[in-house]
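Participant: one predicted model, sequence on top.
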Amino acid sequence: MTHCGKTRWFVSVLVLASALTAPRPIAGQETRPTLVRAGVLIDGTGSPPRHDVAILIHDGRIVEVREATRADATIPGALDLSGFYVLPGLIDVHAHLTLSHDPKLDYGEISGPASGILGAMHARQTLMAGFTTVRDPGGPHYADVALRDAIAAGWVEGPRMFVSGPILTMTGGHGAVGNWAPPDLELKSSAATVADGADEIRRAVRLRQKYGVDLIKVIASGGIFTDRSEPGAATYTREEIEAAVDEARKRGQRVAAHAHGLEAIRNAVLAGVHSIEHGSYLDEATARLMVERGVFLVSDVYADDYSLRHGDSIGLDPEHLAKARAISARFRGSFKLARSAGVRMAFGSDAGVYPHGENARQFALYVALGMSPMEALQSATRQAAELIGSPDVGTVEPGKHADLIAVPSDPLIDIRQLESVAFVMKGGVVVKLDRRR
């Protein structure tokens with residue numbers, strides 16, 4: 001069977017799995033205007049909260065945001081959230097929906113159909129947690145591509161997705177898992193493509209574009225969850241990363257770089273990537289360089305926290321857990337350094353390292369590391385939308401997708417309110433409403 005034939009077969013399997021896992025379809029936007037009355041609106045732009053606001057929605061888009069009137073309460077079908085704080089749908093720019101945190105489900109060996117079934121389940125969990133958009137930087141078997149399309153078609157409940165397909169890594173790099181068989185018999189990971197040198201990298205980027213990805217993910221350093229891989233060591237050279245950036249540029253696509261070590265971070269920033277994922281060994285000079293070039297930092301501190309607290313109990317590989325422990329303090333120091341230097345920061349949690357649906361637990365860690373609650377919120381709204389290049393999400397303004405969430409108390413006082421949302425609307429369609437909160 002050809003690669004293209006395998007892809008079509010996998011999409012068919014995902015459709016069947018989706019039909020069994022989705023409790024109701026969400027295809028079709030609202031055709032009549034809907035009014036949402038917000039007790040308090042925090043619109044994601046950084047503006048102060050506004051009290052008693054009416055949000056008018058038509059065909060899945062916000063058409064007006066204004067002061068509420070008494071007459072609004074009489075509009076048929078109006079959604080009364082006057083007892084709630086309403087915010088934009090949240091965005092996680094580093095969430096692996098087709099992967100599982102369970103060490104028994106090895107991401108390098110899991111089958112295509114299993115990836116799709118996991119993805120359908122995780123997509124709904126993520127949406128119900130208030131995340132209406134995600135960037136998925138690494139899906140085995142192009143399962144993330146199929147999941148994105150299934151959600152867009154209404155087959156599966158889930159966030160809108162921006163996907164990279166399998167990661168790009170060098171021989172022996174992070175994600176290049178295999179075994180000790182002779183090279184001609186070695187098992188190849190479906191979660192990564194091994195490409196060495198600029199020409200191989202260009203071909204690998206073009207292949208991803210052929211199969212419909214939205215962005216490119218390159219591995220610039222070693223990683224925690226790959227055997228015999230050192231997070232602090234650089235892998236791809238600057239020239240190799242430049243090849244990926246150049247090929248992505250031709251299609252107007254962005255490049256995310258997994259980079260822990262300082263040399264890897266600098267290679268990636270100088271090569272022109274749009275975001276550094278992790279950034280564990282950042283220094284002041286490189287932070288200034290990121291500011292100059294407008295490169296985002298995506299810091300997954302909740303994945304780090306979860307691994308340290310639960311690694312032993314869930315059976316995390318001892319070598320991997322030791323690496324996580326060794327890097328943790330430096331990782332958090334880099335977060336503080338980046339913030340103080342003015343590096344733009346977008347909310348990315350590495351969901352899949354921890355159980356899906358717990359994404360919002362990262363907000364409290366961002367605040368504990370020095371962000372204000374408003375900064376933390378904007379990292380998952382306006383800033384995240386700018387990183388993924390989507391002007392249609394991230395804030396509650398006319399013309400944007402009608403993606404809204406609601407919580408009963410002020411998240412700018414208690415950011416942990418975002419860990420349990422009472423209301424979720426995606427594209428003008430209510431997917432969760434719990435008035436008991």
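Facilitator: Sure, I can see it.

Participant: tell me the mean pLDDT over the host helix or strand of residue 117?
Facilitator: Under DSSP states H and E, the secondary-structure element containing residue 117 is helix 112-128. Averaging pLDDT along helix 112-128 yields 94.

Participant: nearest residue to residue 383 in space, ignoring adjacent ones along the chain?
Facilitator: With CB to CB, 6 or more residues apart in numbering as the criterion, residue 383 has its nearest non-adjacent residue at 4.9 Å, and that residue is residue 346. Heads up, the C-betas are built off the backbone N, CA and C, glycines and all.

Participant: now do the one you found, the pLDDT please.
Facilitator: Looking at residue 346, its pLDDT stands at 98.

Participant: my guess is it contacts residue 298. True?
Facilitator: Yes: under the criterion of CB atoms under 8 Å, residue 346 makes contact with residue 298 at 5.4 Å.

Participant: now do the shared contacts for the two.
Facilitator: Where contact means CB atoms under 8 Å, 6 or more residues apart in numbering, the residues bridging residue 346 and residue 298 through contact with each are 93, 275, 387.

Participant: show me where the stretch 101-250 of the chain has its helices.
Facilitator: 112-128, 143-153, 197-210, 238-250 (DSSP state H, counting those that start in this stretch).

Participant: can you list the buried residues in stretch 312-322?
Facilitator: Buried positions in stretch 312-322, judged by neighbour count with 16 or more other CB atoms under 10 Å: 314, 316, 320-321.

Participant: if we can go back for a sec, quick check: the gap between the residue nearest to residue 383 and residue 173.
Facilitator: For residue 346, the distance to residue 173 equals 24 Å [CB to CB, to the nearest Å].

Participant: then residue 231?
Facilitator: Residue 231 sits 12 Å away from residue 173, going by CB to CB.

Participant: between the two, what contacts are shared?
Facilitator: Taking CB under 8 Å, 6+ apart as the contact criterion, the residues that touch both residue 231 and residue 173 are residue 222.

Participant: now residue 151: closest residue in space that isn't a chain neighbour?
Facilitator: In space, not counting the residues next to it along the chain, residue 151 is nearest to residue 158; the distance is 4.3 Å by CB to CB, 6+ apart.

Participant: give me the number of residues near that neighbour?
Facilitator: Neighbourhood size, residue 158 [other CB atoms under 10 Å]: 30.

Participant: same question for residue 87.
Facilitator: 29.

Participant: who touches the closest residue to residue 407 other than its chain neighbours in this structure?
Facilitator: Spatial nearest neighbour of residue 407, chain neighbours left out: residue 417 (4.2 Å); criterion: CB to CB, 6+ apart. Contacts for residue 417 (CB under 8 Å, 6+ apart) come out as 85, 407-411.

Participant: residue 61 pairs with what?
Facilitator: Note on residue 61: beta-bridge partners by DSSP bridges are residue 58, residue 401.

Participant: that one and residue 153: what is the separation?
Facilitator: Distance check for residue 61 against residue 153: by CB to CB, it reads 19 Å.

Participant: check residue 294 too.
Facilitator: The spacing between residue 294 and residue 153, counted by CB to CB, is 34 Å.

Participant: got it, and residue 140?
Facilitator: Taking CB to CB as the measure, residue 140 falls 21 Å from residue 153.

Participant: looking at these two, which one has more neighbours?
Facilitator: With neighbours defined as other CB under 10 Å, residue 140 and residue 153 compare such that residue 140 has more, 28 against 12.

Participant: domain parsing for this protein?
Facilitator: By the record's domain assignment, the chain is partitioned as 34-89+394-433, 91-388 (automatic domain parsing).

Participant: please identify the most buried of these.
Facilitator: Each of the domains of the chain was scored by mean neighbour count; the highest is domain 91-388, a mean of 21, by mean count of other CB atoms under 10 Å.

Participant: before we move on, the earlier item: ok, of the domains of the chain, where does mean pLDDT dip lowest?
Facilitator: Among these, domain 91-388 carries the lowest mean pLDDT, a mean of 92.

Participant: my guess is residue 391 contacts residue 401. True?
Facilitator: No: with contact defined as CB under 8 Å, residue 391 and residue 401 do not form a contacting pair (10.1 Å).

Participant: need the overlap of contacts for the two.
Facilitator: With contacts taken as CB under 8 Å, 6+ apart, not a single residue reaches both residue 391 and residue 401.

Participant: what sits against residue 405?
Facilitator: When contacts are counted by CB under 8 Å, 6+ apart, residue 405 is found next to 86-90, 130, 132, 418, 421, 423-425.

Participant: that one: what's its closest spatial neighbour, skipping adjacent residues?
Facilitator: When the adjacent residues along the chain are set aside, residue 405 lies closest to residue 130, with 4.2 Å between them (CB to CB, 6+ apart).

Participant: can I assume the one you found is in contact with residue 421?
Facilitator: Yes: when contacts are counted by CB under 8 Å, residue 130 is listed as touching residue 421 (3.9 Å).

Participant: joint contacts of the two?
Facilitator: Taking CB under 8 Å, 6+ apart as the contact criterion, the common neighbours of residue 130 and residue 421 are 360, 405.

Participant: so which pair among the contacts of residue 405 is furthest apart in space?
Facilitator: Longest distance between any two of the contacts of residue 405 is 15.5 Å, between 418 and 425; criterion CB to CB.
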